[in-house]
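Trainee: model this:
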Amino acid sequence: MTVQGKKYKQVKAKIDPVKDHEVEEAIRFLQENKMAKFDETFEVAFRLGVDPTKSDQSVRGTLVLPHGTGKEVRIVVFATGEAAEAAKEAGAAEVGFEDLIKKVQGGWTDFDVAVATPEAMKEVRKLGKVLGPRGLMPNPKTGSVTDDVASAIQQFKAGRVEFKMDRHGNVMVPFGKRSFPVEALAENCRAVIKAIKAARPAAAKGLYIKRCTISTTMGPGLRVTSRELAA
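Mentor: A predicted model of the protein is given here:
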């Protein structure tokens, strides 16, 4: 067994498996019991009471974290003309159209967010098999298909994150770094919880959030109390 494996078991042994935690309590525990030397990412995961096979029960959206993500966001923009120039001025990592499409078709996905103008989307749709499985496909619902590419870039760089339910009804959202103050992480986490609750499909019946856990990149998960979810 590796040293990291032993450390994980030691930290997990400190967690009461039947106890639910307040957001600050879970964050503080994970900060005090760090698992890695690097600045780990905090994540909040949800198990939703929806039917993922039904399109009218899909859960997807975006939010801007009050204190950002703590991560440098690499954004590519599919655009031409004035929109392309605006994207470059706004700080996009790469801007292009046919050339950029060919590059991505070749397997290049070294970026975090893809933005496209509505006009460019006519061709960008061809990248569905490459970008779709990675959650990188531009979508009007998440604000990544727009003529105002500069504003989109600014929002994503400021801490805008996307969330999308997987085929098992789970959603996982990063909400900051271990180096953040507890208060900042807690505010970011509650912003995510609020956004997930607001994204509840009208067709969903019964208990919506079945479980919510907070973890770090390498650490175990701590279950969040239902009081936090009802607030």
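
Trainee: Need the residue closest to the centroid of this protein.
Mentor: The chain has residue 173 as the residue nearest its centroid, 3.9 Å off, counting by CA atoms, centre = their mean.

Trainee: My guess is that one contacts residue 191. True?
Mentor: No: at 9.7 Å, residue 173 and residue 191 do not qualify as touching, with contact defined as CB atoms under 8 Å. (Each C-beta comes from the backbone N, C-alpha and C, glycine too.)

Trainee: Now do the contacts for the residue nearest to residue 96 when sequence neighbours are not counted.
Mentor: Using CB to CB, 6 or more residues apart in numbering and skipping the chain neighbours, the partner closest in space to residue 96 is residue 78 (7.0 Å). Residue 78 makes contacts with 96-97, 100-101, 114-117, 120-121, 123-124, 138, as judged by CB atoms under 8 Å, 6 or more residues apart in numbering.

Trainee: same question, residue 214
Mentor: Residues near residue 214 by CB under 8 Å, 6+ apart: 21, 23, 26-27, 30, 42-45, 189, 221-222, 224.

Trainee: and with 10 Å instead?
Mentor: Residues near residue 214 by CB atoms under 10 Å, 6 or more residues apart in numbering: 21, 23, 25-27, 29-30, 42-45, 175, 185-186, 189, 221-224, 228.

Trainee: Could you pull out the strands in this structure for me?
Mentor: For the chain, strands defined by DSSP state E occupy the ranges 41-48, 60-64, 75-78, 94-96, 113-116, 160-164, 170-177, 209-216, 222-223.

Trainee: Out of these, flag the one nearest residue 34.
Mentor: strand 209-216 (7.6 Å; CB to CB).

Trainee: what comes up buried for the closest one?
Mentor: Within strand 209-216, the residues that count as buried by 16 or more other CB atoms under 10 Å are 209, 211-216.

Trainee: JSON lines please, covering those residues and showing distance to residue 83 and pLDDT.
Mentor: JSON lines is the format used below for the buried residues of strand 209-216 (distance: CB to CB, whole Å; pLDDT from 0 to 100):
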{"residue": "209", "distance to residue 83": "38", "pLDDT": "96"}
{"residue": "211", "distance to residue 83": "42", "pLDDT": "95"}
{"residue": "212", "distance to residue 83": "39", "pLDDT": "97"}
{"residue": "213", "distance to residue 83": "40", "pLDDT": "97"}
{"residue": "214", "distance to residue 83": "39", "pLDDT": "97"}
{"residue": "215", "distance to residue 83": "39", "pLDDT": "95"}
{"residue": "216", "distance to residue 83": "38", "pLDDT": "95"}
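
Trainee: Please identify which pair of those residues lies farthest apart.
Mentor: Greatest spatial distance among the buried residues of strand 209-216 (CB to CB): 209 and 216, at 20.8 Å.

Trainee: re earlier: in the sheet, who's paired with the residue nearest to the centre of the chain?
Mentor: Beta-bridge pairing of residue 173 under DSSP bridges involves residue 44.

Trainee: which residues touch it?
Mentor: Taking CB under 10 Å, 6+ apart, one finds 42-46, 63, 65, 69, 161-164, 188-189, 191-193, 195-196 in contact with residue 173.
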